[in-house]
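Asks: sequence first, predicted coordinates after that:
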Amino acid sequence: MMRRIAKWGAVLVLVLLAGLWVLGPGIAERSLTQIDGQPLPDISEEARALHARLTIVDLHSDTLMWKRNPLKRSKRGHMDLPRLIEGNVALQVFSSVTKSPAGLNLDRNSADVRDNITLLAFAQLQPPPTWNSLFERSIWHAERMEQASLEAPDALRIVRTPEDVTTILAQRDATGRPIGAMFSVEGLHNLEGQANNLQRLHERGLRMAGLTHFFDNELAGSMHGEDKGGLSAFGRDMVAEMERIGVIVDIAHCSHQCVDEVLAMARRPIISSHGGVQATCPTNRNLTDNEIRGVAATGGVIGVGYFEGAVCDTSPSAIAAAIRHIAQLVGTDYIALGSDFDGAVTTRFDTSGLVHITQALLDDGFDEADIAKIMGLNALRVIRAGIAPMSDERGSV
């Protein structure tokens, strides 16, 4: 009798694990990454024609976090290759998310609570090294992106050098191919306290990195952490090393003290990859006017997001309002797009619907030249300058 109970108990455990592995990742993504289905304004012929002429760059997507082929159209999430092509995206930054604390919120998170990404790594049957190593999770994400580019070399190309950007843009054809793909990480806690891991990630394609995510780490305080402090000695060393080897410093999620200290020591353009501005959406993750001025002073850009935490709405007009504030404060040379698509956010449209931003900017009175800068040319300037090693400095393009 006991053997029979044990046998059926084992069967039940296997069934539950199979359900976790087969259904769990899709259920998690559908529940966390959504399109709200609210009405969108009509798109004018003028906006469609302009959008088709634009060179579009998105500074932040978390698509690599999820278990699906980024080359194939999916019924879930916000982004994949077919939708990137439909949205006329020329260069997409793909971020590696390696840790997300249970009970996640915008105000205060501990780095020591249960990590949701560990469960996701197990449920998605990722390689066992990724189950307990943040560094190995980023290596696996880099491998996934590299594999996608090898499977579709005419459609997706990895960006490692300024010359890669130039080549990709020159070779783009009427079908919207190839698209540049640049690798970033969301929080350098994935270094696991080891400075040499930055170089190892750079060798695997890392060209942009956020210092923190939703909790304080060994480098700096997070806007959503417990202490919200500034840069540590290790953090200062890593900022300097990032600039030296050609990894763009991203201050998204940094505490206000962290932002101030990074801006004070920056020798190269700084990016805030995905967020908003306090003036139009006073959530704690967004930049103050002084921080906006500081980013502009480095020659960097602010990537405006499309989600509630960034613009306090999901409408295209809310995105345009944040952009308008930055333009009035420092000019249109320091604005970019940072969707946070597939990053456990709800938006009004997916990446195939980026024309709605073009329409909103036209409706807000921006001219074609400024729209072209906002939608991609500003970001390209910073990327080209920032991914060149300091010993091969090219400056702004």
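Replies: Nice, thanks for sending it over.
Asks: using the three-state scheme, assign His173.
Replies: One thing to correct before we go on: residue 173 is Asp, not His. coil (DSSP: H, G, I helix; E, B strand; the rest coil).
Asks: how close does it get to Leu362?
Replies: Look at Asp173 and Leu362: by C-beta to C-beta, to the nearest Å, they are 26 Å apart. For glycine as for every other residue, the C-beta is placed from the backbone atoms N, C-alpha and C.
Asks: between these two, which has more neighbouring residues?
Replies: When Asp173 is set against Leu362 and neighbours are counted by other C-beta atoms under 10 Å, the residue ahead is Leu362, at 19 against 8.
Asks: buried stuff in whichever strand or helix holds that one?
Replies: Secondary structure assignment for Leu362, by DSSP states H and E: helix 355-363. Using 16 or more other C-beta atoms under 10 Å as the test for burial, helix 355-363 gives 355-362.
Asks: so what's the gap between the helix or strand where Ala320 lies and the chain middle?
Replies: Taking DSSP H and E as the criterion, Ala320 maps to helix 316-330. Relative to its chain's centre, helix 316-330 lies at 20 Å (C-alpha atoms, centre = their mean, to the nearest Å).
Asks: gap between Gly77 and Arg30?
Replies: Distance from Gly77 to Arg30, by C-beta to C-beta: 8 Å.
Asks: do Leu64 as well
Replies: Between Leu64 and Arg30 the computed distance is 17 Å (C-beta to C-beta).
Asks: of these two, which one has the most company?
Replies: Each of Leu64 and Arg30 has its neighbours counted (other C-beta under 10 Å); Leu64 has more, 23 against 12.
Asks: excluding chain neighbours, what is closest to that one?
Replies: His141 (4.3 Å; C-beta to C-beta, 6 or more residues apart in numbering).
Asks: you'd agree Pro41 is in a helix?
Replies: No: Pro41: not assigned to a helix; according to three-state DSSP it is coil.
Asks: quick one, what contacts Phe366?
Replies: Applying C-beta atoms under 8 Å, 6 or more residues apart in numbering, one finds that Phe366 lies in contact with 320, 323, 327, 332, 374.
Asks: did I read that right, it in a helix?
Replies: No: assignment of Phe366 by three-state DSSP gives coil, placing it outside any helix.
Asks: quick one: it from Ile292, how far?
Replies: Distance of Phe366 to Ile292, computed by C-beta to C-beta: 18 Å.
Asks: now swap in Ala388 and tell me
Replies: For Ala388 relative to Ile292 (C-beta to C-beta), the value is 25 Å.
Asks: between those two, which one's more packed in?
Replies: Ile292 (22 against 19).
Asks: beta partners of Ile248?
Replies: Met208 (DSSP bridges).
Asks: what sits against it?
Replies: 184, 207-209, 242, 268-271, 382-383, 386-387.
Asks: I figured Val113 hits Ser100, correct?
Replies: No: between Val113 and Ser100 there is no contact under C-beta atoms under 8 Å: 10.2 Å.
Asks: settle it for me: which of the two has more neighbours?
Replies: Between Val113 and Ser100, counted using other C-beta under 10 Å, the more crowded position is Ser100 (22 against 12).
Asks: nearest spatial neighbour of that one, chain-adjacent residues omitted?
Replies: Nearest residue to Ser100, sequence neighbours excluded (C-beta to C-beta, 6+ apart): Asn116, at 4.5 Å.
Asks: give me the distance between Asn284 and Ser149.
Replies: Taken as C-beta to C-beta, the span from Asn284 to Ser149 is 36 Å.
Asks: quick one: which of those two has more around it?
Replies: Ser149 (20 against 14).
Asks: where does the more buried one fall, phi/psi-wise?
Replies: phi -70, psi -30 (degrees, to the nearest 10).
Asks: was I right to think it contacts Phe183?
Replies: No: contact criterion C-beta under 8 Å: Ser149 and Phe183 do not qualify, at 10.4 Å.
Asks: thinking again about what came up before, hang on, the residue nearest to Ser100 packs against Ala102?
Replies: Yes: taking C-beta under 8 Å as the definition, Asn116 is a contact partner of Ala102 at 5.8 Å.
Asks: neighbour count winner among the two?
Replies: Per other C-beta under 10 Å, whichever of Asn116 and Ala102 has more neighbours is Asn116, with 18 against 11.
Asks: list the contacts of the more buried one.
Replies: 100-102, 104.
Asks: phi, psi for it please.
Replies: phi -70, psi -30.
Asks: what's the spacing between it and Ile248?
Replies: 27 Å.
Asks: quick one: pLDDT of the nearest residue to Thr118 once chain neighbours are set aside?
Replies: Leaving aside its chain neighbours, Thr118 sits nearest to Trp131 (6.5 Å; criterion: C-beta to C-beta, 6+ apart). Here the pLDDT value assigned to Trp131 is 96.
Asks: list the contacts for Trp131?
Replies: Residues near Trp131 by C-beta under 8 Å, 6+ apart: 118, 121-122.
Asks: restricted to helices, list these.
Replies: Residues of the contacts of Trp131 located in helices (DSSP state H): 118, 121-122.
Asks: neighbour-wise, give me the winner out of those.
Replies: That'd be Ala121 among the ones in helices among the contacts of Trp131, by other C-beta under 10 Å, with 24 neighbours.
Asks: identify the residues contacting that one.
Replies: The neighbours of Ala121, taking C-beta under 8 Å, 6+ apart as the test, are 130-131, 137.
Asks: one more: Val330?
Replies: By C-beta under 8 Å, 6+ apart, the neighbours of Val330 are 292-293, 296.
Asks: ditto for Asp154
Replies: By C-beta under 8 Å, 6+ apart, the neighbours of Asp154 are 177-178.
Asks: for Arg207, which non-adjacent residue is closest in space?
Replies: Closest to Arg207 by C-beta to C-beta, 6+ apart is Ile387, at 4.6 Å.
Asks: contacts only, for that neighbour.
Replies: Ile387 sits next to 159-162, 182, 207-208, 246-248 when contact means C-beta under 8 Å, 6+ apart.
Asks: go again with 10 Å.
Replies: Contact analysis of Ile387 by C-beta atoms under 10 Å, 6 or more residues apart in numbering lists 159-162, 164-165, 182, 202, 206-208, 245-248, 394.
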